[in-house]
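Trainee: one predicted model, sequence on top.
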Amino acid sequence: MQMRRAAQAAGAPATHAAVDVPVGPSANLSVGESGERPAGTPAGGPGERRAGAAARPSEDPPGDAPSAGHATGPTTGPAVDAPSAHGDSLDAFAGHLALQRGLSAHTVRAYVGDVGHLLQFAAAHGRRGVDDVDLPMLREWLAAMVAADLSRATLARRAAAVRAFFAWALRTGRVTHDPALRLASARIPAALPTVLDVEPVARMLEVARVRADDGDPLHLRDWSALELLYATGARVGEVAGADVDDADLVQRTLRVMGKGGKERVVPFGVPAARALAAWLGTGRPALAVDGSGSALYLGRRGRRVDQRQLREASHAVARLAGVTDVAPHALRHSAATHLLGGGSDLRSVQEVLGHASLATTQRYTHVSADRLRDSFRQAHPRA
């Protein structure tokens, strides 16, 4: 299975994400998107087929989106399209990220877009060669993004992308020095994940079930996918990238490909199995077309569902249920917190979620402790 998915990643290098931070006072750059996703091919995104492989084109094509990595507005300084001038290097870097480091297609696009943005910024300031970029230029680039009021998370990711690029470029002989070795970036404040109580989640899933009674196959899909997201704690990209053969209704398990191309098998319960059986029995056949392939979840056109469609379904059902508007990832956070609250040990939850580090899973212990303290203060007579 991993060889099949790794082969799909070879398509990732050709995609360069455009960027949204001005390289000069009047520059405007936009973010490019992928095209239509054939259902039988792996899905990408923060996901994520699967995370760690190239992005499957989405169910809904973006139309005339600009090709990634190329500016759509004016820049200050010389009129140089740096991403085009360094296209070979960017393609090779994208291949390194996807095939050697096993990063998701979403991360590959983001990193390549970040590096393309730096190179265009440098070209606009007279630094046309990659080797012409030095530490003061990198700091000036970050300062421009701070002035543009970008978030700390974006700054940290772009600094990480540039550090990865120059380290790779030095190893492969594309530059003679690494200017990013001493590049510092902003610390990202530790934020606790958004978590719903058990009752709001149950209300959401019940609303999704009732809505599916109208016979609309898309509503059946949404009910099944939301049940599976909460039951397995999987990422939305992992569920969107799953194939029919990955779901075992007898053993009640789902095989997913996580970040870094790591495969895992996660269990799910009876409610999710019931919803999945309804989807496979009546919903999926109603949408399937010749090009559907083995995709577990389909969009209206019969192609593999896009992550965005599942996010929209989560928002829509949350509104109908009168629940705080949540993205599918909040169902993952909630599942992890509820598992820990119900007595699961940290290592088991780590395996279910597919975290490489136990420290990542430990975030949910803080959430559980905070909720326990709140409950104590509300209920205990001597709180």
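Mentor: Okay, I see it. Residues are numbered from 1 along each chain as shown.
Trainee: from here on, just use CA atoms for contacts and neighbour counts.
Mentor: Noted.
Trainee: now the strands for the stretch 151-300 of the chain?
Mentor: Taking DSSP state E, counting those that start in this stretch as the criterion, the stretch 151-300 of the chain carries its strands at 247-248, 253-257, 263-267.
Trainee: the shortest one - contacts with which helices or strands?
Mentor: If you count contacts as 3 or more Cα pairs under 8 Å, 6 or more residues apart in numbering; DSSP states H and E, strand 247-248 packs onto strand 253-257.
Trainee: direction included, what does the strand it packs on pair up with?
Mentor: strand 247-248 (antiparallel), strand 263-267 (antiparallel) (DSSP bridges).
Trainee: for that strand, what is the average pLDDT?
Mentor: Mean per-residue pLDDT for strand 253-257: 93.
Trainee: mind listing what's buried along it?
Mentor: By neighbour count with 16 or more other Cα atoms under 10 Å, strand 253-257 contains the buried residues 253, 254, 255, 256, 257.
Trainee: what's across from the first one in the sheet?
Mentor: Which is residue 253. residue 248, residue 267.
Trainee: and it, what does it touch?
Mentor: 247, 265, 266, 267, 268 (Cα atoms under 8 Å, 6 or more residues apart in numbering).
Trainee: for the fourth one, same thing?
Mentor: Contacts of residue 256 were listed using Cα under 8 Å, 6+ apart, and they are 50, 234, 238, 239, 241, 242, 246, 263, 264, 265, 266.
Trainee: quick one: which of those residues has the most company?
Mentor: The residue in those with the most neighbours, by other Cα atoms under 10 Å, is residue 50 (36 neighbours).
Trainee: so what's that one scoring on pLDDT?
Mentor: Model confidence at residue 50 (pLDDT) stands at 39.
Trainee: kindly report the same for residue 26.
Mentor: Residue 26 is given a pLDDT of 33.
Trainee: check residue 350 too.
Mentor: pLDDT, residue 350: 85.
Trainee: work out for me the element it sits within.
Mentor: Element membership for residue 350 (DSSP states H and E) is helix 346-353.
Trainee: now do the buried residues in whichever helix or strand comes after that helix.
Mentor: Per DSSP H and E, the first helix or strand lying C-terminal to helix 346-353 is helix 358-361. For helix 358-361, burial by neighbour count (16+ other Cα under 10 Å) applies to residue 361.
Trainee: now stretch 172-184
Mentor: 175, 177, 178, 179, 180, 183.
Trainee: lowest-confidence one in these?
Mentor: Among the buried residues of stretch 172-184, residue 183 has the lowest pLDDT, at 90.
Trainee: could you check how far that one is from residue 166?
Mentor: 11 Å (Cα to Cα, to the nearest Å).
Trainee: repeat for residue 209
Mentor: From residue 209 to residue 166 the distance is 50 Å (Cα to Cα).
Trainee: what about these two, which has more around it?
Mentor: A count of neighbours by other Cα under 10 Å puts residue 166 above the other of residue 209 and residue 166, at 24 against 20.
Trainee: the more buried one contacts residue 176, doesn't it?
Mentor: No. Counting by Cα atoms under 8 Å, residue 166 does not reach residue 176; the two are 9.8 Å apart.
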